[in-house]
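A.B. asks: A structural model of the following input is requested.
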Amino acid sequence: QLTELLQQYATAFRDPMMLQPPEWFKAFIYCEAFLQLPFFPVAAYAFLKGGCRWIRTPAIIYSTHVATTLFAILAHILFHDFSRSEHAGPQTLRERLVLLSIYLPYLLIPLLILFTMLCNPHYKHVEKRKRK
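C.D. replies: Next up is the predicted model:
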C-alpha cells in the first residue's frame with residue numbers, strides 16, 4: 001500500500017528522488033530520521049508549554065540545518081538534468097515549479113522558526129543568574 005502510494009506520488013509529481021534517491025539525498029533522509037524527527041516532540045513540548053526559552057538554541061540549529069538541506073534539494077529540482085534518470089523527473093519549467101512547490105513549505109517553516117527565534121523578544125531575552 002505505502003509503496004503504491006509512493007509510486008503514485010513520484011509519478012504524479014515527477015519526483016524521481018523519492019524512488020531512486022541520490023546518495024546526498026539519502027544522507028538528508030538519515031539526518032531527518034535521526035536528528036530532525038527526535039527534535040519534533042521536544043519542540044512541540046516547548047512551544048505548547050510556552051515560556052521555554054531553552055528551545056531557542058536547538059530551534060536555531062534545527063531550522064538552519066533544515067534550511068540548508070532544502071536549498072540543496074531545491075537547487076537540484078531547478079537545475080538538474082533529469083533526462084538521464086531511470087524514473088521520470090521534471091522536464092518543463094512548470095513541472096519543476098510544481099515539484100518545487102511540494103518541497104517549498106519544508107523550507108518556509110524552518111525559516112519562520114529561525115526568524116522567530118532570532119527576532120522575537122521573548123526568545124532573545126537573556127536570563128541573568130542570581131548570585132548567592
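A.B. asks: Distance-wise, check the nearest residue to S83 once chain neighbours are set aside relative to H80.
C.D. replies: Nearest non-adjacent residue to S83, counting by Cβ to Cβ, 6 or more residues apart in numbering: Q91, 7.0 Å away. C-beta coordinates here come from the backbone N, C-alpha and C atoms, glycine included. Distance, Q91 to H80, using Cβ to Cβ, to the nearest Å: 11 Å.
A.B. asks: again, but for N120
C.D. replies: Going from N120 to H80 by Cβ to Cβ gives 37 Å.
A.B. asks: Looking at those two now, which is surrounded by more residues?
C.D. replies: Shown here are N120 and H80; by other Cβ atoms under 10 Å, H80 has more neighbours (16 against 11).
A.B. asks: how about the more buried one, what does it touch?
C.D. replies: With contact set as Cβ atoms under 8 Å, 6 or more residues apart in numbering, H80 has these partners: G89.
A.B. asks: Equivalent analysis for A10, please.
C.D. replies: Here A10 is in contact with 16, 18-19, 87 (Cβ under 8 Å, 6+ apart).
A.B. asks: again, 6 Å this time
C.D. replies: Applying Cβ atoms under 6 Å, 6 or more residues apart in numbering, we find A10 in contact with 18-19.
A.B. asks: so which strand or helix has it?
C.D. replies: helix 2-12 (DSSP states H and E).
A.B. asks: And that helix, what's buried?
C.D. replies: In terms of neighbour count (16 or more other Cβ atoms under 10 Å), helix 2-12 has its buried residues at A10.
A.B. asks: Looking at it now, give me its mean pLDDT.
C.D. replies: For helix 2-12, the mean pLDDT works out to 92.
A.B. asks: again with stretch 120-132
C.D. replies: pLDDT averaged over stretch 120-132 gives 72.
A.B. asks: got the residue ranges for the helices in the protein?
C.D. replies: Counting by DSSP state H, one finds helices in the chain at the ranges 2-12, 16-19, 23-31, 37-49, 56-79, 93-103, 105-119, 121-124.
A.B. asks: Of these, which stretch is the most buried?
C.D. replies: Ranked by mean neighbour count, the helices of the chain are led by helix 16-19 with a mean of 18 (mean count of other Cβ atoms under 10 Å).
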